[in-house]
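Enquirer: Below is the sequence, then the predicted model.
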Amino acid sequence: MPEPRVAIVGAGPAGLRAAQVLAEASLRPLLVDEGHRAGGQIYRRPPPGAERPAAALYGFEAGRAQALHDLADALAPRVDYRPGTTVWGIAPRDPDGFDLECLGPDGHGRIAADRLVLATGAMDRTLPFPGWTLPGVFTLGAAQIALKAQGMAIGRRVALVGAGPLLPLVAHQYAKAGATVVAVLDVTPLAAKVKAAPRLAAVPATLAKGVWYTMRGALRRQPVRSGVRAIAVEGAARVEALAFEDAAGRRHRVACDAVGASFGLRSEAQAADLAGCRFAFEPVTRQWQPERSGQGRSSLPHVYLAGDGSGIGGADVAELQGERTALTLLADLGRPRDPAREAHLDRRLARQAGFRAALEAAYPYPHHLVEGIADDEIVCRCEGITAGAIRRTATERDASEMNRLKALTRTGMGRCQGRVCGHAAAEILARTLDVPVETVGRLRGQAPIKPIPLREPA
Amino acid sequence: MSGLFHRLATRPGAAIPFTIDGMSAEARAGDLLIAAILLHRHSLRRFEFGSGERAGYCLMGACQDCWVTLADGRRLRACTTPVEPGMAVITGGGDA
């Protein structure tokens, strides 16, 4: 019997660790990477010619980043690596495999796979605020990528706004790289972090530890303001200033030419949706994600999940899940098992889950920002659909569910397919109807999940 | 017109000549198209369904805000495309 063909989608921390385990078992997995160099986004590698020392690029994450990049290089001869390749469609193939529709450096192609490991990662979660579509407003992840992949800052005077551990991390990395950071504004209350501090301080995860030390020391020159409200970017054609209200209710205005702002992370789960995975609502981070067992199984027999694409856990968790999930896949193929290694990973993952809970408690969902979204604010930035249009459609046209809202307003129908606006639109819709956010559902994934040139599939 | 992005680390590497709306500009080997443009300009394109301009948003190929048009008719997602010599970027079209 020929060896089964396993395709891993995504070459970040989860995908690379899964590839390592499968390569150790001589399976030669396909590793499909939308990026041009393996490493994913959090440990994004600069393109050839733009390399810089790891310490300058990743700060206190340099060791982890370097280890993962070394792994990617070591794996090269033992995996079928497909860089610069976007999976835009997944179709079931009889009797139980999958066809991956791909757009790569040589154009369109179809990859047949018997089993899938989906390690598609996450992107910044966004909420609309006045001025958020002006040139110069980026996500925190974008601010970080400009630095890591290009050695650039998003502006000459940068303000950073957030509601998650990425905020102090990016602030730390920008300050260390010599960028001018004029404000670091956390929209979640300080009290939540103080309460979570004892648990955070004990976290072995690099990111959380970094957050803790950063909060305490490294940002003394530019302290984080917590509990900030009423964020508004001002400017005619581009960012000129950031206005906000501090926790005591005082108004401030800081001159700047760029803003990095985002509010946690959202799982990139369209590929799992196309594969047919069942989704569940995750109440802490308030998002729908593909169901994943502790061992990495999805609701489908031949689809496996690892990393932030199926539950926000951060890079360290993603590495552990990638390894654990691949072991599960090997066991399902009837390969010899290593119970000690499985148990060790399960213990580490259980500990990480506790630490993640502390991190989520430190950065609760910023409800007040959703309440403050004005009717004339653009929510769907692809199509220019406003909060007011969503609210009117909800009440006047009986749009009680996200896909109906999409059909009636085009919210989430643009190029990004609701990646950016979907969560905010669901929160606005649910509040307008006065129902829990999970009852309005989620936008269904549709192929192509990324824009592709029309001539390609011909 | 000044740019948005700001290079923190100078690096060696070949200079890459390209143009933005017919004006000559220079990038470095290893620059992504979005970075090459935003070092010189504050936007990539006009917003096709309303007023204003857009300059990209996520830089990780997810938000699709940074599609740009080249004079030869190609449409490219600027955050996942390395800049190449001779690229002729048109920012005024608004229909990227």
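Expert: Noted; the coordinates are in hand.
Enquirer: Helix or strand, whichever it is, which one in chain A has the lowest mean pLDDT?
Expert: Least confident element among the helices and strands of chain A, by mean pLDDT, DSSP states H and E: helix A:206-213 (a mean of 59).
Enquirer: partners of whichever helix or strand comes after it in the sheet?
Expert: As assigned by DSSP states H and E, the chain's next helix or strand after helix A:206-213 is strand A:224-225. Here strand A:224-225 is paired, per DSSP bridges, with strand A:181-186 (parallel).
Enquirer: How many neighbouring residues does the closest residue to chain A within chain B have?
Expert: Using CB to the nearest CB, the closest approach of chain B to chain A is made by B:G30 at 3.1 Å. (C-beta placed from N, C-alpha, C; glycine too.) By other CB atoms under 10 Å in any protein chain shown, 22 other residues sit near B:G30.
Enquirer: Is it in contact with B:P82, as I believe?
Expert: Yes: here B:G30 reaches B:P82: they are 7.5 Å apart, a contact under CB atoms under 8 Å.
Enquirer: Please enumerate the shared neighbours of those two.
Expert: Common contact partners of B:G30 and B:P82 (CB atoms under 8 Å, 6 or more residues apart in numbering or on different chains): A:P47.
Enquirer: Contact partners for A:T432?
Expert: The neighbours of A:T432, taking CB under 8 Å, 6+ apart as the test, are A:390-391, A:394-395.
Enquirer: Could you pull out the strands in the stretch 51-200 of chain A for me?
Expert: In the stretch 51-200 of chain A, strands defined by DSSP state E, counting those that start in this stretch lie at A:80-82, A:86-93, A:97-104, A:107-113, A:115-118, A:122-124, A:137-138, A:152-153, A:158-162, A:181-186, listed in chain order.
Enquirer: Compare those and give me the one nearest A:R324.
Expert: Smallest distance to A:R324 across those (CB to CB): 11.2 Å, for strand A:115-118.
Enquirer: Give the other helices and strands that that closest one contacts.
Expert: strand A:6-9, strand A:97-104, helix A:270-275, strand A:303-305, helix A:315-332 (3 or more CB pairs under 8 Å, 6 or more residues apart in numbering or on different chains; DSSP states H and E).
Enquirer: CA atoms only for the last one, dumped as PDB, please.
Expert: It refers to helix A:315-332. Only the C-alpha atoms of helix A:315-332 are listed here, as PDB (Å, rounded to 0.1, in the frame of the first residue of the first chain):
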ATOM      1  CA  ALA A 315       3.000  30.400  19.300                       C
ATOM      2  CA  ASP A 316       4.200  28.200  22.100                       C
ATOM      3  CA  VAL A 317       0.900  26.300  22.200                       C
ATOM      4  CA  ALA A 318       0.900  26.100  18.500                       C
ATOM      5  CA  GLU A 319       4.200  24.300  18.500                       C
ATOM      6  CA  LEU A 320       3.000  21.800  21.100                       C
ATOM      7  CA  GLN A 321      -0.300  21.300  19.200                       C
ATOM      8  CA  GLY A 322       1.500  20.800  15.900                       C
ATOM      9  CA  GLU A 323       3.600  18.000  17.400                       C
ATOM     10  CA  ARG A 324       0.700  16.500  19.300                       C
ATOM     11  CA  THR A 325      -1.700  16.600  16.300                       C
ATOM     12  CA  ALA A 326       0.900  14.900  14.000                       C
ATOM     13  CA  LEU A 327       1.400  12.100  16.600                       C
ATOM     14  CA  THR A 328      -2.400  11.600  16.500                       C
ATOM     15  CA  LEU A 329      -2.400  11.400  12.800                       C
ATOM     16  CA  LEU A 330       0.500   8.800  12.800                       C
ATOM     17  CA  ALA A 331      -1.400   6.700  15.400                       C
ATOM     18  CA  ASP A 332      -4.500   6.800  13.200                       C
END
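Enquirer: buried sites along that helix?
Expert: Under the neighbour-count criterion of 16 or more other CB atoms under 10 Å in any protein chain shown, helix A:315-332 has A:315-330 buried.
Enquirer: Redo the strands of the stretch 51-200 of chain A as TSV? Include mean neighbour count and mean pLDDT.
Expert: Shown next, in TSV, are the strands of the stretch 51-200 of chain A (neighbours: other CB atoms under 10 Å in any protein chain shown; pLDDT from 0 to 100):
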stretch	mean neighbour count	mean pLDDT
strand A:80-82	18	97
strand A:86-93	20	94
strand A:97-104	20	95
strand A:107-113	15	94
strand A:115-118	28	98
strand A:122-124	28	96
strand A:137-138	29	98
strand A:152-153	25	96
strand A:158-162	27	96
strand A:181-186	23	94
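Enquirer: Of all the ones you listed, which one is nearest A:D375?
Expert: strand A:137-138 (20.1 Å).
Enquirer: partners of that closest one, with directions?
Expert: Going by DSSP bridges, the partners of strand A:137-138 are strand A:258-262 (parallel).
Enquirer: what does the stretch 151-300 of chain A have sitting close to chain B?
Expert: A:151-156, A:177-179, A:237-238, A:257-258, A:268 (CB under 8 Å from any CB of the partner chain).
Enquirer: go again using 6 Å as the cut-off
Expert: When proximity is defined as CB under 6 Å from any CB of the partner chain, the stretch 151-300 of chain A approaches chain B at A:151-153, A:155-156, A:177-178, A:238.
Enquirer: which of the residues you listed has the most neighbours?
Expert: Neighbour-wise, these (other CB under 10 Å) top out at A:G155, 28 neighbours.
Enquirer: So the residue nearest to the spatial centre of chain A versus A:S262, what's the distance?
Expert: Nearest residue to the geometric centre of chain A (CA atoms, centre = their mean): A:A122, 1.9 Å. Between A:A122 and A:S262 the distance is 11 Å, computed by CB to CB, to the nearest Å.
Enquirer: Strands of chain B, start to end?
Expert: Using DSSP state E, the strands of chain B run over B:6-7, B:15-20, B:23-28, B:45-46, B:53-54, B:67-70, B:75-77, B:88-90.
Enquirer: Out of these, which is closest to A:G63?
Expert: With CB to CB as the criterion, A:G63 lies closest to strand B:6-7 of the strands of chain B, at 26.2 Å.
Enquirer: Any part of that closest one near chain A?
Expert: Yes: for strand B:6-7, a contact with chain A is found by CB under 6 Å from any CB, at B:6-7.
Enquirer: Would you check how far apart B:S2 and A:Q173 are?
Expert: Distance from B:S2 to A:Q173, counting by CB to CB: 24 Å.
Enquirer: Which of those two has more residues huddled nearby?
Expert: More crowded of B:S2 and A:Q173, by other CB under 10 Å: A:Q173, with 23 against 11.
Enquirer: No further queries at this time; thank you.
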